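Novice: structure of the sequence below:
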Amino acid sequence: MDPFGFSVTDTTKKARNWAEKSGNHLHITTRKLAIKNLLLFSRNKPLDTLLVSESERLIRLQKYVRDVKIIVEPIAQNTDSVDVFIRVLDTWSSIPKGSISSSRMAIGLQERNFLGTGHEFYNRYSKRFEDGKSAYSMKYEIPNIKNTYIKTTAIYHTELNNHFGKSLNIERTFYSPFTRWAGGIYLDDQLRIDSLQNVQLQYSNQNLKYRSQDIWGGISFPIFKDKTTRHTANNLVIATRLLNVQYKESPTIDYDTINFYSGETFYLSGIGISSRQFVEDEYLYNYGIIENVPIGKIYGFTGGYQIKNSTGRWYVGARASFGNYHSWGYLSTNFEYGTFFNGSKTEQSSFSFQANYFTNLVELGKKWKMRQFVKPQIIIGNNRLKSVGDYLALNENVPFQGAYGAGFQGDNDAGIRGFDSAIFGTKKFVLSLQTQLYSPWNIIGFRINPFFNYTAAMLGNENIGLTKSRLFSSIGIGVMINNDYLVFNSFQFSVSFYPNIPGQGNNIFKTNSFGTTDFGLQDFDFGKPRTVIYK
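Specialist: Coordinates of the predicted model:
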């Protein structure tokens, strides 16, 4: 259905005014084939209600879907057949983007449902006025090929800072507890320029130009099967991975004395037990829309062998995760530990702990609602290598840290938003708090929801422990703006205060505008083998 005026639960609702009708006229409705390719059940097969519910969840996950309802009705005079009706409400999927300043401009278009196929298409063009230099970014993503859930993503980008990259990722994840195989192949060619420091504490821009090939595969076996449903949310997962990296250009020896930025071949295997289910909830990261919150547990072990700089090292890691609803709210925790062995000596050891908690929905009068979100994180490294690429940072955007393969890019969710400073360490603690209000305010379809957040962080090293480290923090107040009809769904504006940012000064105010995140909820998916995330 078109995005404006319709409802998945009320078939009598239609577009009422000129604006809604015009928006629907310009919108290309999602094709039926795009939705059919997401279903886990098929025609002329026994109906499994668990697969129907899981199909509804998977459809709801799509970026171009606002809401979905699957209805099963018996056929008159036919006792062994049913009709299945699927009502899908689209979001408005075309989002123009742009910015301009005294020094540069950028324009872009993001289409999350290209021609109704469910494909994502993104283009961005940037230009710097001083020298006329231009940059271009393109992304095309096919989320599903003929009901296989194989996602294909092609990316090409050039940046004004001379960064360059192109990549192709073809991958099928363990997208559901009922998935029995997964795997992928990722190929890329990257050029990054990073400012590194020599022993005289002098900085210089150094080229990091490399190629990587990242291949993995895994299988899942159901365990503790329920005889009544023929299904189980508990699976034994076995997976293996090969990562190969070749450097074309790397920093000079003066700025990389240990040859940290160098090629490698890394073999990894993992085995674990994963239990995953999903609970429907509302008023989390969206306004009044059903959201699927994962609950479950993971027990997993990872082993591997890395060949780098003509030296072989073994790797061993373990992970345990738990998450569930309780009478006092939702809580999930994740524990990870991993280390390399160079002979009998441990190297690049790391321990990671993360928790996510949010309260039950609190009613404030008849129209207002509230939730409190809490997210503590701690990362501790031991015997880390003497390179800035192997250290931790508190920055929102961290420099390149020697992580390769699919999924290495992205923001630092164990940091302070808007924080940017050249301070590094081997251990850190970050505590993020957010009080989120859900208001009755509605302006032409945009819901205005105030929030308050506070982030505190400490960064230590092998000589200075966390308890003796300096406290850095940010305090923010703003509004989360929701629009059910638009594909970006929610974004936020805020004003943040930073008591101190080394290298920038004291008592700093920043105005931020960015898309909201999901506060890092886990999916309890034990799939592609990896080392402990350390950044």
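Novice: who's in contact with stretch 62-72?
Specialist: With Cβ atoms under 8 Å, 6 or more residues apart in numbering as the test, stretch 62-72 has contacts from 3, 8-9, 30, 38, 47, 49, 52, 55-56, 59-60, 82-91, 93, 112-113, 118, 120, 143, 289-290, 484-485, 487. For the C-beta atoms, the positions are set from N, CA and C on the backbone; glycine is no exception.
Novice: selection in ChimeraX covering whichever of those residues are buried, please.
Specialist: Buried members of the contacts of stretch 62-72, defined by 16 or more other Cβ atoms under 10 Å, are picked up in ChimeraX with:
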select :3,8,30,38,52,55,56,59,60,86,88,89,90,91,93,112,113,118,120,143,289,484,485,487
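Novice: next step: the contacts of stretch 62-72 restricted to helices.
Specialist: Among these, the members falling in helices (DSSP state H) are 49, 52, 55-56, 59-60.
Novice: so what's the most far-flung residue of the chain relative to its centre up against?
Specialist: Residue farthest from the centre of the chain, counting by Cα atoms, centre = their mean, is Q77 at 48.6 Å. Residues near Q77 by Cβ under 8 Å, 6+ apart: none.
Novice: closest to S42 out of the ones in helices among the contacts of stretch 62-72?
Specialist: Proximity to S42 was ranked across the ones in helices among the contacts of stretch 62-72 by Cβ to Cβ; first place goes to S55, at 10.5 Å.
Novice: verify the stated contact: that closest one with L38.
Specialist: Yes. Checked against Cβ atoms under 8 Å, the pair S55 and L38 is within contact range at 6.5 Å.
Novice: the helices in this protein, which residues?
Specialist: Under the criterion DSSP H, the chain contains helices at 18-26, 32-36, 49-61.
Novice: I'd like the ones you listed as CSV, with distance to I253 and mean pLDDT appended.
Specialist: Below are the helices of the chain laid out as CSV (distance: least, Cβ to Cβ, whole Å; pLDDT from 0 to 100):
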stretch, distance to I253, mean pLDDT
helix 18-26, 58, 78
helix 32-36, 53, 93
helix 49-61, 48, 92
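Novice: and these, which is most packed in?
Specialist: Of all the helices of the chain, helix 49-61 carries the top mean neighbour count, a mean of 17, counting by mean count of other Cβ atoms under 10 Å.
Novice: just how off-centre is that one within its chain?
Specialist: Helix 49-61 sits 21 Å away from the centroid of its parent chain (Cα atoms, centre = their mean, to the nearest Å).
Novice: so what touches it?
Specialist: The contact list for helix 49-61 (Cβ under 8 Å, 6+ apart) reads 35, 38-41, 65, 67-70, 72, 84, 86, 88, 175-178, 229, 231, 278, 290, 292.
Novice: likewise stretch 354-369?
Specialist: So stretch 354-369 is in contact with 282-284, 323, 328-334, 370-378, 414, 437-440, 519-522, going by Cβ under 8 Å, 6+ apart.
Novice: dihedrals phi and psi, the residue farthest from the centre of the chain?
Specialist: Backbone torsions of Q77, given as degrees, to the nearest 10, read phi 60, psi 20.
Novice: can you get me a residue count around the residue nearest to E264 when sequence neighbours are not counted?
Specialist: Leaving aside its sequence neighbours, E264 sits nearest to K308 (Cβ to Cβ, 6 or more residues apart in numbering; 3.9 Å). By the criterion of other Cβ atoms under 10 Å, K308 has 17 neighbours.
Novice: quick one: K308 and Y261, what's the gap?
Specialist: K308 sits at a distance of 11 Å from Y261 (criterion: Cβ to Cβ, to the nearest Å).
Novice: quote the end-to-end distance of stretch 71-79.
Specialist: 17 Å (Cα to Cα, to the nearest Å).
Novice: can you offset everything so residue one is 39?
Specialist: Let's use 39 as the start, then, which means that last one is stretch 109-117.
Novice: mind listing the strands for the stretch 389-538 of the chain?
Specialist: Per DSSP state E, counting those that start in this stretch, the stretch 389-538 of the chain carries strands over the ranges 400-402, 406-420, 465-476, 480-481, 484-498, 509-520, 528-539.
Novice: I311 bridge partners, please.
Specialist: L274, Y337 (DSSP bridges).
Novice: sketch out the low-pLDDT regions of this protein for me.
Specialist: By pLDDT under 70, the weakly predicted segments of the chain are 263-270, 437-441, 443-449, 522-528, 551-558.
Novice: where do the domain boundaries of it fall?
Specialist: 56-128, 199-553 (automatic domain parsing).
Novice: distance of A114 relative to V120?
Specialist: 11 Å.
Novice: wait, which of the helices of the chain is closest to L206?
Specialist: helix 70-74 (22.0 Å).
Novice: please state the offset of the lengthiest strand in the chain from the chain centre?
Specialist: In the chain, assigned by DSSP state E, the strand with the most residues is strand 241-260. Distance, stretch centre to chain centre, for strand 241-260: 17 Å (Cα atoms, centre = their mean).
Novice: how close does the residue farthest from the centre of the chain get to P84?
Specialist: Using Cβ to Cβ, Q115 is found at 20 Å from P84.
Novice: what does L509 give?
Specialist: Plainly put, L509 is 60 Å away from P84 if you go by Cβ to Cβ.
Novice: what's the answer for G514, then?
Specialist: Per Cβ to Cβ, G514 is found 52 Å from P84.
Novice: so for the two, which residue has more residues nearby?
Specialist: Set side by side, G514 and P84 show more neighbours around G514, with 20 against 8, by other Cβ under 10 Å.
Novice: wait, what's in contact with that one?
Specialist: Counted by Cβ under 8 Å, 6+ apart, G514 has contacts 455, 490-492, 532-535, 550.
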